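Participant: quick one: sequence plus predicted model below, questions after.
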Amino acid sequence: MSALLVVTFVVALAFDFVNGFHDAANSIATVVSTRVLSPRLAVAWAAFFNFAAAFAFGTSVAMTVGKGVVHTEAITVGVILCGLLGAIVWNLITWWLALPSSSSHALIGGYAGAALIYGGSELLVWSGILKVGLFIVVAPIIGLILAVLNQIVVSWLVHDKSPQKMNRLFRRLQLVSAAIYSFSHGTNDAQKTMGILFALLVAGGHLTVNDGMPVWIIFLCYTMIAGGTMAGGFRIVKTMGSKLTKLEPVHGFCAETGGGVTILAVSELGIPVSTTHTITGAIVGVGLLSGVRAVRWAVAGKILWAWVLTIPMAALIAALCQLTFGRWL
């Protein structure tokens, strides 16, 4: 096994860790902002269910990333390394700016950007890229709709209950909804790094595109994303949990459940989606039921810009890396 392959393997695991670190806010923002759990207990809760997802779902998302974005058999280990660096750098930039961007789209953008510079547009699997692009729009809309429906149904079921009883009930139920969302996050996001490691081992000659996903990679990726979640991305928690709209426990429950169910459904279909986009759409949905003015649209606008820029910026950073270092990798 070459030194470059080992370095790239470690960088991929670092991305998985940063993914958990960066996206921890998606899983814990509502449960922290409603003061159901302290930040440290919340990330421990989220990390446990991130890892638990390893035992429940297959690897269809991983195979979409590993074989459905770039023609894996035609790239090199260096291309994958540059793609990972593009994703990590963009993730760290948006983390520093406290913007909840998509680690998933950063990874796919970086991977595609490096491949494009290496071998041209014929190396890209356009059907896969278009599917990912479509769900940039579809996933948050589904999350929004499900969160709104949850809120309407819940409000009807408990309309005759006192606010105090409702608050106590949904503070407990938020532990369930946070678990659902954290489980879905592990299901979709850990598989993306699996896909990259699969492509890496194919590029390094240790697997073929027709092989299955090694079990040791599955557990390694889930361990890394859970570890990243434990480290916690607290800079983004405030943006997601309180700046976007005011959340009560019932709102957190409805948003997390709507977002989590959305992600689990698309994961079953093998579609890599942004957990960040999905939970943001769900939070906006429950906020809208309190009135259009309940959503802080200036904050939403900044988040939207991060969404729009993520794929091209990660691709640009990866492309520059490939242009600068590709000849030596």
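Facilitator: Structure received. Just so we're clear, the structure is a prediction, and the values are computed from it rather than from any experiment. Numbers count the residues shown, from 1 in each chain.
Participant: that's a strand at residue 211, yeah?
Facilitator: No: applying DSSP: H, G, I helix; E, B strand; the rest coil, one finds residue 211 to be coil, outside a strand.
Participant: can you get me a residue count around it?
Facilitator: 11 (other C-beta atoms under 10 Å). Where C-beta positions appear, they are placed from N, C-alpha and C, glycine not excepted.
Participant: what's the answer for residue 199, then?
Facilitator: For residue 199, the neighbour count with other C-beta under 10 Å is 28.
Participant: which SS state does it fall under?
Facilitator: helix.
Participant: against residue 137, how distant is it?
Facilitator: With distances taken as C-beta to C-beta, to the nearest Å, residue 199 is found 26 Å from residue 137.
Participant: one more: residue 5?
Facilitator: Counting by C-beta to C-beta, the gap from residue 5 to residue 137 is 36 Å.
Participant: same check on residue 280?
Facilitator: Residue 280 is 13 Å from residue 137, by C-beta to C-beta.
Participant: what about the two, which has more around it?
Facilitator: In this view residue 280 and residue 137 are compared by other C-beta under 10 Å, and residue 280 has more residues nearby, 29 against 12.
Participant: which element is the more buried one on?
Facilitator: helix 275-288 (DSSP states H and E).
Participant: list the helices and strands that helix packs on?
Facilitator: helix 3-33, helix 126-157, helix 163-203, helix 249-268, helix 297-325 (3 or more C-beta pairs under 8 Å, 6 or more residues apart in numbering; DSSP states H and E).
Participant: the bottom helix or strand of this protein by mean pLDDT?
Facilitator: helix 234-238 (a mean of 52; mean pLDDT, DSSP states H and E).
Participant: would you agree residue 20 is in contact with residue 221?
Facilitator: No: using C-beta atoms under 8 Å, residue 20 is not in contact with residue 221; the gap is 10.2 Å.
Participant: more neighbours: the two, which one.
Facilitator: Per other C-beta under 10 Å, whichever of residue 20 and residue 221 has more neighbours is residue 20, with 32 against 28.
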